[in-house]
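J.: Can you look at this prediction? I've put the sequence above it.
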Number of protein chains: 2
Amino acid sequence: MRDPIDLKPMLKPKSVAIIGVSRNPDKVGHIILQNYLNAGYSGRLYLVNKSGEEILGMETYKSILEIKDRIDLAVISIPAQFVPEVLEECGKAKVKSAVVVSGGFAEIGEKALQDEITTIAEKYKIAMLGPNCLGVVDPRSRVDTLFLPTYKLSRPEIGGVSFVAQSGAVGSTILDLISGEGFGLSKFISYGNAAYVDEVDILNYLMNDEETRVIVMYIEGIKRAREFVEIAKKVTKKKPVIVLKAGKTAEGSAAAHSHTAALAGSYQAHEAIFRQFGFIIANDISELFFYAKVFASEPEPNGGRVAVITNGGGVGVLTVDAVSSSGMLSLAQFSKESSNALKKVMPTLVNIRNPLDLAGDADDKRYSQALSVLSSDNGIDMLIVIALFQTPGADSRLATELIRLKENMQKPMLVLSIGAEFTKMHKIMMESAGLPVYDSPASIALALEALLKYSIYKKKH
Amino acid sequence: MRDPIDLKPMLKPKSVAIIGVSRNPDKVGHIILQNYLNAGYSGRLYLVNKSGEEILGMETYKSILEIKDRIDLAVISIPAQFVPEVLEECGKAKVKSAVVVSGGFAEIGEKALQDEITTIAEKYKIAMLGPNCLGVVDPRSRVDTLFLPTYKLSRPEIGGVSFVAQSGAVGSTILDLISGEGFGLSKFISYGNAAYVDEVDILNYLMNDEETRVIVMYIEGIKRAREFVEIAKKVTKKKPVIVLKAGKTAEGSAAAHSHTAALAGSYQAHEAIFRQFGFIIANDISELFFYAKVFASEPEPNGGRVAVITNGGGVGVLTVDAVSSSGMLSLAQFSKESSNALKKVMPTLVNIRNPLDLAGDADDKRYSQALSVLSSDNGIDMLIVIALFQTPGADSRLATELIRLKENMQKPMLVLSIGAEFTKMHKIMMESAGLPVYDSPASIALALEALLKYSIYKKKH
């Protein structure tokens, strides 16, 4: 087993050199520079450009060898054929890590060129990510090697979820989604062709990273299967790993190969490994996303007995169907004490049963009364709170109250809110405060099931 | 079999009376009035209020019997116990249809009260919807009986989809969603307890309604099973029906009963009927929504061979997996002519195969060139166009170009775009122009599969 590669210089660099920066604002190197300036990266930033011309009022160097400072991270965005030479210079300059953004390697058949840069990285022990990748984002250190402008792809807040994506497109769409919904990021790592740093190194780093609470991965092919199994065994004992694996079908495998030169291998074999080691398996980008949300904020449940509270009867019914269809969850029975306490405070129209339909005119007070009772009912392990903001009683006071109730809640509590603008406004409020919001009964049931499944795995291991 | 009830007076009323209108802006009757005024209903509007006080400068009548005009639709929003008396007056005044918004009938055990109003409706042949319902919206006639304010629940544009929902909550969230995404509505009908007008009457009306291209239903229980089978057989020969049935589980059935007093019956038996008559079965609110979208705009496909065009490799790979996992769809093989034509116009980095990865720098011109070639390839039945707006080349020119290409497209063409604000802006542009946009590979594959399945059913029947 190869020694694990330390990714700290890449994710927490004190000094960054952007190699291949351009005056042309449409060029990749220029956008990367612009994003560093926007993000407020506070380390030492150097620009390298063959012509040595000044860019945005900043001095540039013709070669990394001219820079006197010790460079933690070189971001390389130049045509593929020049990468070996530049990487060799990075090696001589004792650069600790490199993100090779450039494409044009194994993914288009240029295997030899890719092997050449791998050899250089190995020789100089440069933690090289890529080639053919987007690189990294860390909102704490403010490192951001993405060449996608922030007006197109918003960057998320600081949080506990680390996203690891072999594909830049899959990674960046998810990054955009999480920032749009207001929940936070620990690290984003798009590693492309994985010529040197691969999923094993990344998992190894994130396993021990205290800022990372949940790891979410999109993988096209696993390069070092034996080492992957070793790390897989360890990592899920520490934190949840959610995985979406491409190449489920023969056609998908073939497409993956022409994308990142990945050998997707047998999906079934991979799935067996994932299952054995308690990975949460996502079947679609949307699942990746809603599993990430629940693990980012929710405590481990004691069991699978779910209470459903709603201000819309039909959505409550469908949620009960989703919960009861799950092999692991069940509808909780309210205790006598809870039922009596609810009878005292609820209007007579409210039927005291699970699902608890608070009726269309329910306001923040009625939710608060119901949740106060149910949160201390030992027969309930998890709470689904359906808050439909189309109804007369639901407004920002309800969102605020749910956030407040969540703060003292020992059990997983998820919100289901479906709708357009007025609803979205409140979704973002709640998500930003660490209260996960879902938009369909099926997705909320799947999320709770995954949470329970992982907690059972962890107790056993 | 009972004679079908004509819903035209309810959906296209020339005169509307709101009974139970109040000066208090928080009251249901007031919100309904406000919504009529906002929607610009151009028929004759009358207000009925026991006190006879003037409201918003409009005259009110103490009883519907005082109104000289013939009333097409009475919207009744008064406490349950007064409904029989008022409905009796409606009968004497020869009111043609009524929406009973009020709750407090069979859903809380008041079966006798509900039977009383059903008898009155039958006696006077009033097309009575409800009780315990939201009523109807028709953006063409501008009838709108919903008591939900428009700032909370936006009303959709005019379109071809009719939504029929037993539950007001399910119906209104979907209404909100479709208006948020910019695709259009024909009719919205929330029918609650179905004391008189039920799913059979509604299907019968919508089957012959030329403004309705697709029917989408949320059902808790079917009251007249034999008649439902009769109408089910007929309706799917004319237009697609998408159905979400509550009560999949015993717990869900019980919840449905306490919601709209529906007897959910055996889910399996219902499902068998739906399958037999070519209904598209949704398993979640989200599915209801994305099936509706594809049927609202897309032509019938000739087969299931799919071409995938993308500007993001990984999302392309996942889409291929989703397509190939489907039992009905397959990845198309480009013809020699297409391949040669593409080779001529595509940059050398683009691999000429399906999925066609146009690369991250693809702009509107590259999409246009690719789609022009593939739209005339007879080996391709359907197109999935992945447009990730995070990439450097994708902007509103791409959205505009895709809309233009769609206008001349004879095959189903669906767009997959995933992301936050910048992406959503373009999604709304495309949706409003009749180009359906999806946000996950799994949902787009399910939508295409449903489209194909229904076209096969229709050819056989």
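T.: Happy to help now that I have it.

J.: Low-confidence bits of chain A, can you list those?
T.: With pLDDT under 70 as the threshold, chain A has low-confidence stretches at A:1, A:262-264.

J.: Specify the residue positioned farthest from the middle of it.
T.: A:T348 (44.4 Å; C-alpha atoms, centre = their mean).

J.: Okay, it and A:A359: tell me how far apart.
T.: 11 Å (C-beta to C-beta, to the nearest Å). (Each C-beta comes from the backbone N, C-alpha and C, glycine too.)

J.: Near chain B, which residues of the stretch 51-200 of chain A? Just list them.
T.: Within the stretch 51-200 of chain A, the positions adjacent to chain B are A:103-104, A:107-108, A:147-149, A:151-154, A:165-174, A:176-177, A:179-181 by C-beta under 8 Å from any C-beta of the partner chain.

J.: Okay, and which of those map to strands?
T.: Among those, the members falling in strands (DSSP state E) are A:A165.

J.: now the helices for the stretch 1-150 of chain A?
T.: A:8-11, A:28-39, A:83-92, A:111-124 (DSSP state H, counting those that start in this stretch).

J.: Deepest-packed of those helices, please.
T.: helix A:8-11 (a mean of 23; mean count of other C-beta atoms under 10 Å in any protein chain shown).

J.: Can you name every helix or strand that that one contacts?
T.: Other helices and strands packing on helix A:8-11, by 3 or more C-beta pairs under 8 Å, 6 or more residues apart in numbering or on different chains; DSSP states H and E, are strand A:97-100, strand A:127-129, strand A:135-138.

J.: now do 10 Å
T.: strand A:15-19, strand A:73-76, strand A:97-100, strand A:127-129, strand A:135-138, strand A:185-190, helix A:199-207 (3 or more C-beta pairs under 10 Å, 6 or more residues apart in numbering or on different chains; DSSP states H and E).

J.: Follow the chain on from the last one and name the next helix or strand.
T.: This means helix A:199-207. Following helix A:199-207 in sequence order, the next helix or strand is strand A:214-219 (DSSP states H and E).

J.: report the angle between the axes of that following strand and helix A:199-207?
T.: 170 degrees (axes from the mean of the first three to the mean of the last three C-alpha atoms, to 10 degrees).

J.: Identify each buried residue in the helix or strand just after strand A:214-219, please.
T.: Using DSSP H and E, the helix or strand that follows strand A:214-219 towards the C-terminus is helix A:225-238. Buried residues in helix A:225-238, counted by 16 or more other C-beta atoms under 10 Å in any protein chain shown: A:E227, A:F228, A:I231, A:A232, A:V235, A:T236.

J.: My guess is the fourth one contacts A:A272. True?
T.: What that stands for is A:A232. No. Using C-beta atoms under 10 Å, A:A232 is not in contact with A:A272; the gap is 11.3 Å.

J.: Identify, out of the helices and strands packed on helix A:8-11, the most deeply packed stretch.
T.: strand A:97-100 (a mean of 31).

J.: Could you list every helix and strand in contact with that strand?
T.: Other elements packing on strand A:97-100 under the criterion 3+ C-beta pairs under 10 Å, 6+ apart are helix A:8-11, strand A:15-19, strand A:73-76, helix A:83-92, helix A:111-124, strand A:127-129, strand A:135-138.

J.: Recalculate using a threshold of 6 Å.
T.: Using 3 or more C-beta pairs under 6 Å, 6 or more residues apart in numbering or on different chains; DSSP states H and E, the elements in contact with strand A:97-100 are strand A:73-76, strand A:127-129.

J.: can you list contacts of the first one?
T.: Counting by C-beta atoms under 6 Å, 6 or more residues apart in numbering or on different chains, strand A:73-76 makes contact with A:10, A:13, A:16-19, A:32, A:90, A:95, A:97-100, A:145, all of which sit outside it.

J.: CSV please, covering those residues and showing distance to B:A332.
T.: Formatted as CSV, the contacts of strand A:73-76 follow (distance: C-beta to C-beta, whole Å):
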residue, distance to B:A332
A:M10, 41
A:P13, 46
A:V16, 45
A:A17, 46
A:I18, 42
A:I19, 42
A:I32, 37
A:C90, 44
A:V95, 46
A:S97, 43
A:A98, 40
A:V99, 36
A:V100, 34
A:T145, 37
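
J.: List the contacts of the closest residue to A:A232 other than its chain neighbours.
T.: Of all residues not flanking A:A232 in the chain, A:F277 sits nearest, at 4.4 Å (C-beta to C-beta, 6 or more residues apart in numbering or on different chains). Applying C-beta under 6 Å, 6+ apart to A:F277 gives the contacts A:A232, A:K233, A:T236.

J.: Residue in the stretch 351-461 of chain A with the shortest distance to chain B?
T.: Minimum separation of the stretch 351-461 of chain A from chain B (C-beta to the nearest C-beta) falls at A:A420, amounting to 2.6 Å.

J.: State whether that residue and B:S154 are indeed in contact, as I suppose.
T.: Yes. With contact defined as C-beta atoms under 6 Å, A:A420 counts as touching B:S154 (5.4 Å).

J.: Between the two, tell me which one has more neighbours.
T.: A:A420 (22 against 18; other C-beta atoms under 10 Å in any protein chain shown).

J.: thinking again about what came up before, quick check, nearest of the contacts of strand A:73-76 to chain B?
T.: A:I32 (11.8 Å).

J.: where's the closest one relative to A:L47, distance?
T.: Distance from A:I32 to A:L47, by C-beta to C-beta: 10 Å.

J.: can you check A:E421 too?
T.: 42 Å.

J.: between those two, who's got more neighbours?
T.: Using other C-beta under 10 Å as the criterion, A:E421 and A:L47 rank with A:L47 on top: 24 against 14.

J.: Just give me the neighbour total for the residue nearest to A:R155 when sequence neighbours are not counted.
T.: Excluding the flanking residues, the one nearest A:R155 by C-beta to C-beta, 6+ apart is A:S179, at 5.9 Å. Other residues within reach of A:S179, judged by other C-beta under 10 Å, total 21.

J.: you'd agree A:S179 is up against A:S154?
T.: Yes. Using C-beta under 6 Å, A:S179 is in contact with A:S154, at 4.1 Å.

J.: contact partners of whichever strand or helix holds A:R404?
T.: Using DSSP H and E, A:R404 sits within helix A:396-407. Applying C-beta under 6 Å, 6+ apart, the set of residues contacting helix A:396-407 from outside is A:D364, A:S368, A:L371, A:A387, A:M413, A:H426, A:M429, A:M430, A:A433, A:L435.
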